[in-house]
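> here is the input, now give the coordinates:
(one chain, ligands or ions: 2)
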Amino acid sequence: MLEVRNISKKYKKGPDEFTALDSVSLRIGKGEFAVITGASGSGKSTLLYTVGGLIRPDSGEVLFDGAGIYDQKPEFLNRYRKRDVGFMFQQFHLMPYLTVYENIRLACYEKHQFDRIDQYLDKCSLKGLKRKYPSELSVGEKQRTAFIRAIIADPVLLLADEPTGNLDPENSNILMLMIEEYNRNGGTVLLVSHDPDLAKNAGRSITLQSGKIIDAAALQTEPE
Ligand SMILES: Nc1ncnc2c1ncn2[C@@H]1O[C@H](COP(=O)(O)OP(=O)(O)OP(=O)(O)O)[C@@H](O)[C@H]1O
Ligand SMILES: [Mg+2]
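Ligands and ions are numbered 1, 2, ... in the order given. You can find the predicted model right below:
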C-alpha cells in the first residue's frame, strides 16, 4: 500500500546543510502496525511528514497504491492528505480559535462523518468538553481530540508522531487502545515513538539512526 523508495532530505540554512534522511526505503502493507523508533534528531518526524505528503523529499519516491504522491497533479496530493491519511502531530496542532468540536469538524467532508463526531467524543470521554478551546484542555484531552480529528474521516493510513510522548501512563494506555482498535478495524498505522515497550507490541519496528534505517525489517512487507 505504501512504499518509500530511497528518499533523502537535507535541511538547508544559508551555507549549512543537515541530512535528516539518507536513502530511506520501507514498505508498509495494508492493515499493518509499524513503529518507527530512534534517538531524538534521527529523522523520525521528517520521515513521517514525507510519507504524509507534507515534506517533499529532495530525491526518491513515496508511492501510495503504486502512485508517486509527489509526482501527480496538486489535486492528488490534496486528496491524499485529506482523505487517505490521518495525521497526529507531535505538538498536536489543534486550531487555537476553534473548539474541540470545530477542530474535529474541520476534518469531515461527508455527512456520516459529521454525524458521528458526538459518538467519538463520548467514546474518548470528551463529550462535556466539546465547546472548550484547546488552551482549556489537559494534554491527554488535546491528544484525544487530535486522535479523533485524525480518524473521523476513515483514513486508510494513520500517521502518529509520538502520540503518547507527553502523556502519563494512564492516558498513554487509553490512547494506545484507541489506536489499536483503529488498526483492528483494518486501519494501517505508522507510529513514531521513543518508547521501546510500545515498539515491542507493534507488528514491526523500524529503527532510524542519523537519517538511515539500521534494521533490515523495513523492506519485509510486499507492497500491495
Ligand atoms: N526545518 C528544519 N530546519 C533545519 N533543520 C531541521 C528542520 N527540521 C528538522 N531539522 C533537523 O533535522 C534532524 C531530524 O529532525 P526530526 O524532527 O525529523 O527528528 P526526530 O527524530 O523527529 O527527533 P525528535 O525525537 O526530537 O522529535 C534534526 O537534527 C533537526 O534538528
Ligand atoms: Mg520528532
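> biggest helix in this structure, by residue count?
helix 169-184 (DSSP state H).
> by contact count, what packs against that one?
With contacts taken as 3 or more C-beta pairs under 8 Å, 6 or more residues apart in numbering; DSSP states H and E, helix 169-184 sits against helix 139-151, strand 157-161, strand 188-192. All C-beta spots, glycine's among them, are computed from the backbone N, C-alpha and C.
> just the C-alphas of it, formatted as CSV.
Once non-C-alpha atoms are left out, helix 169-184 reads as follows in CSV (Å, rounded to 0.1, in the frame of the first residue of the first chain):
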residue,chain,number,x,y,z
PRO,A,169,0.9,6.1,31.7
GLU,A,170,-2.9,6.0,32.1
ASN,A,171,-3.6,8.5,29.2
SER,A,172,-1.0,6.8,27.2
ASN,A,173,-2.8,3.5,27.6
ILE,A,174,-6.2,4.9,26.7
LEU,A,175,-4.8,6.4,23.5
MET,A,176,-2.9,3.2,22.5
LEU,A,177,-6.1,1.2,23.0
MET,A,178,-7.9,3.5,20.6
ILE,A,179,-5.1,3.3,18.0
GLU,A,180,-5.1,-0.5,18.3
GLU,A,181,-8.9,-0.5,17.8
TYR,A,182,-8.4,1.6,14.6
ASN,A,183,-5.8,-1.0,13.5
ARG,A,184,-8.1,-4.0,14.3
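> what are the contacting residues of it?
Residues outside helix 169-184 that contact it (C-beta atoms under 8 Å, 6 or more residues apart in numbering) are 31, 33, 123-124, 139-140, 143-144, 147, 151, 158, 160, 163-164, 167, 189, 191, 198, 201.
> for stretch 134-148, same thing?
88-89, 92-96, 100, 103-104, 117, 120-121, 124-126, 129, 163-164, 166-168, 171, 174-175, 178-179.
> from the contacts of helix 169-184, list the buried ones, please.
Using 16 or more other C-beta atoms under 10 Å as the burial test, these include 31, 33, 124, 140, 143-144, 147, 151, 158, 160, 163-164, 167, 189, 191, 198 as buried.
> now, among the residues you listed, which is nearest to F64?
Of all the buried ones among the contacts of helix 169-184, F64 sits closest to L158, with 13.9 Å by C-beta to C-beta.
> if we can go back for a sec, the contacts of stretch 134-148: which ones sit near ligand 1?
When C-beta under 6 Å from any ligand atom is applied, no member of the contacts of stretch 134-148 is adjacent to ligand 1.
> sort out for me which of these are in strands.
M88 (DSSP state E).
> pLDDT weak spots in the chain?
Applying pLDDT under 70 to the chain picks out residues 216-224.
> who in it is up against ligand 1?
Going by C-beta under 6 Å from any ligand atom, the residues of the chain near ligand 1 are 11, 13, 18, 20, 38, 40-46, 90.
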